[in-house]
Structures are given as C-alpha cells and as structure tokens.
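Enquirer: pasting a predicted model and its sequence here:
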Amino acid sequence: MAWLECRLCLFPEPTVSQDPDRLFAQPLEQVPDFVFNEDVVRVFPDMIKRSVPGYPTIVENLGVLAARFAQPHTALYDLGASLGAVTQSLRRHVRHDGCRVIAVDNSAAMVERCRQYLTAQDSMFQELLPVQVIEADILALPFEPASVVAMNFTLQFIAPEQRLALLARIHQVLLPGGALILSEKLRFDDVQEQDLLNDLHLDFKRANGYSDLEIAQKRSAIEHVMKPDTLQAHQERLRAAGFSKVVPWFQCLNFASLIALP
Ligand SMILES: C[S@@+](CC[C@H](N)C(=O)[O-])C[C@H]1O[C@@H](n2cnc3c(N)ncnc32)[C@H](O)[C@@H]1O
Ligand SMILES: O=C(O)C(=O)C[C@]1(C(=O)O)C=C[C@@H](O)C=C1
C-alpha cells in the first residue's frame, strides 16, 4: 500500500474558492450557533485545513485505505461530504470495476458547491468513479449495500442519542471485507490529557493565523452543535453497533481516525 504524504491542495484550482476564513474575526455581540451555510461554504477549505490537525493527511490516506476495502461493483459512501474532499480522494485512489461513490450532505449550500467541484474534477481527470451527490439527512436516508463508508468529522455533529442507531444501520449494510472509516475530534476523561491536547490544538490554530478572538468565538459557535466523544466511547459504541474490530489508524493531537470492520 502506498503511504502518501499530505497534498497541500486538496481541491483543483481555480475552481475552488480560496477565500480565507475570517468568519469570526470581528467581535460579535452574540455568537450564533455554527451552521454549514453559504458563508461557511465560501471559506470551508481554508477553515478545515487551519482547524483540524492532520486533515490533509487523513483525507488523502482515506482514499488509500478505501482502495483496500472497496470491492468491485459496490457503492462507497461519503457521509457528511461537505465539498467532497473525501469523495475526490476516493475517486483518485479506488480503481475497482463498477464502484461508484454516493456523497451525502444535508446542507443545500454544501451540496451545490460540491457538485460544481466534482464536475470540475471530471473534466480534469479521466476514468474516475461515477459519483452521485445527494442532499439528505443521513439519519433518514435508507442506505444500500456498500463496501466502504467514510464519515470524516460528521458523526460529531449528529445528536449523541442518535449515533448508535446510525452506526448500527451502517453496520447492517456493510459488505463482508468492507469497512467504515470514522474520523472525529476526541475529548478525554483524563483532565491533564484533555488540557494538554486542547492547549496544543489552540497553538495549532494560532500558528495557522487565527487570533484568540476568532478561536474563542468559533468555540462558542460550535459548542452546542458539535459534541466530541472519547476514543473509548467510540470503540464501545462501534462494538455495540455490531462492528467486530475497531482499529485507530491515525491521531494528531485531539483528532483521530478509526477503521471499523463489520
Ligand atoms: C465537518 S463537515 C465534514 C467535512 C468533510 N467530510 C470533509 O472531509 O471535508 C460536517 C458535514 O456534515 C454535514 N452534516 C451534519 N449533519 C448531517 C446530517 N444529519 N445528514 C447529512 N449531513 C450532515 C454538514 O452539513 C457538514 O457539511
Ligand atoms: O474543534 C474545532 O475547533 C474545529 O474547528 C473543528 C471543526 C471540525 O472538527 O469539524 C469544526 C467545524 C468546522 O467544520 C471545522 C473544523
């Protein structure tokens, strides 16, 4: 298996907006809850790269991992696809006959832009897997049998009480030999570990040019909508959902990615 270094540009230029994320740069009287709307869409590639340590490495290698689990003539899901970075990685790396990608997101603004980027990718590369982009709530969407399901920083936005049932439904449709690849921000029960990794994450954001005001306002915006779990909670819930094996394959500070086998 080729182990790839991160690619600096995950989206083909000039088709992708390179607007810098300044959404929280000015003091706000009241910080509204974070939503994946048009404003976020415009800055999302910059925002996620500057906010999630290891993001480019995770996305690129997700395609590499998927190529190991994908089986010919099956569906590959990208759940919570946003602008389709994972979908693009799946299309770059999975070359099996008859595979197709189903990218799902419930943000109309994300879906619209995602479709534009994938069309641009189609015109730049030949023989890519076909892709279908669906605007839907993954809690309500019936899934078809699939060999790979990717959830890259999406489960943390699902209400905690809905997570087990969603994972159980994913487990039910995963084909033997397939895998769920789940990336999430983590929290830690151990106070010292939590404080250290949180501080290091703040340093990462500062090193990427975010001011203390931007960091504080972003934190207020996401605290009611994004609820990270501990690694142990993820492992236990995946087992309860029916997965036989959970293998962490990447961690950078408080962000991790797991392979869950059916
Ligand atoms: C942090 S972003 C995911 C980033 C993306 N996977 C990537 O790697 O670039 C979370 C995405 O999940 C989507 N989302 C959240 N809840 C959802 C739901 N119930 N159904 C579908 N999409 C959802 C949001 O609209 C958002 O685009
Ligand atoms: O934890 C944070 O501070 C984040 O900004 C994380 C995070 C994420 O993990 O999805 C939150 C929202 C944005 O989509 C980008 C990054």
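Expert: Perfect, thanks for sending it. Residues are numbered from 1 along each chain as shown. Ligands and ions are numbered 1, 2, ... in the order given.

Enquirer: how near is Ala240 to ligand 1?
Expert: 20 Å (CB to the nearest ligand atom, to the nearest Å). C-betas here are computed from N, CA, C, even on glycine.

Enquirer: mind pulling up the pLDDT for the nearest residue to Leu83 once chain neighbours are set aside?
Expert: Nearest residue to Leu83 in three dimensions, chain neighbours excluded: Cys114, at 5.1 Å (CB to CB, 6 or more residues apart in numbering). Cys114 is assigned a predicted lDDT (pLDDT) of 97.

Enquirer: so is Cys114 in a helix, a strand, or just coil?
Expert: Assigned by DSSP: H, G, I helix; E, B strand; the rest coil, the conformation of Cys114 is helix.

Enquirer: wait, isn't it in contact with Val86?
Expert: No. Under the criterion of CB atoms under 8 Å, Cys114 is not in contact with Val86, lying 10.6 Å apart.

Enquirer: looking at the two, which is more packed in?
Expert: Legend: neighbour count by other CB atoms under 10 Å for Cys114 and Val86, higher for Val86 (31 against 25).

Enquirer: in terms of helices and strands, where is that one?
Expert: helix 85-93 (DSSP states H and E).

Enquirer: export that helix to CSV, keeping only CA atoms.
Expert: The C-alpha coordinates for helix 85-93 follow below in CSV (Å, rounded to 0.1, in the frame of the first residue of the first chain):
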residue,chain,number,x,y,z
ALA,A,85,-12.8,16.3,-0.4
VAL,A,86,-13.2,12.6,0.7
THR,A,87,-15.2,11.8,-2.4
GLN,A,88,-12.4,13.3,-4.5
SER,A,89,-9.8,11.2,-2.7
LEU,A,90,-12.0,8.0,-3.1
ARG,A,91,-12.2,8.8,-6.8
ARG,A,92,-8.4,9.3,-7.1
HIS,A,93,-7.5,6.0,-5.3
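
Enquirer: close to ligand 2, is it?
Expert: No. Helix 85-93 stays clear of ligand 2 (CB under 6 Å from any ligand atom), getting no nearer than 11.5 Å.

Enquirer: now do the residue nearest to the spatial centre of the chain against ligand 1, distance only.
Expert: By CA atoms, centre = their mean, the chain has its centre lying nearest to Asn152, at 2.0 Å. Using CB to the nearest ligand atom, Asn152 is found at 4 Å from ligand 1.

Enquirer: my guess is that residue meets Leu62, correct?
Expert: Yes. Counting by CB under 8 Å, Asn152 does reach Leu62; the two are 6.6 Å apart.

Enquirer: quick one: common contacting residues for those two?
Expert: 86, 181, 183, 257 (CB atoms under 8 Å, 6 or more residues apart in numbering).

Enquirer: element containing the third one?
Expert: By that I understand Ser183. Here Ser183, judged by DSSP H and E, is contained in strand 174-185.

Enquirer: can the next helix-or-strand element following that strand be found next to ligand 2?
Expert: Reading on from strand 174-185 to the C-terminus, the next helix or strand found by DSSP H and E is helix 191-207. No. Between helix 191-207 and ligand 2, judged by CB under 6 Å from any ligand atom, nothing touches; the nearest distance is 6.9 Å.

Enquirer: tell me which other helices or strands helix 191-207 touches.
Expert: When contacts are defined as 3 or more CB pairs under 8 Å, 6 or more residues apart in numbering; DSSP states H and E, helix 191-207 packs onto helix 212-222.

Enquirer: is the helix or strand of the chain with the lowest mean pLDDT anywhere near ligand 1?
Expert: Least confident helix or strand, the chain: helix 108-124 with a mean of 92, by mean pLDDT, DSSP states H and E. Yes. Interface with ligand 1: helix 108-124 contributes Met110 (CB under 6 Å from any ligand atom).

Enquirer: buried sites along that helix?
Expert: For helix 108-124, a neighbour-count test (16 or more other CB atoms under 10 Å) marks 109-111, 113-115, 117-118, 120-121 as buried.
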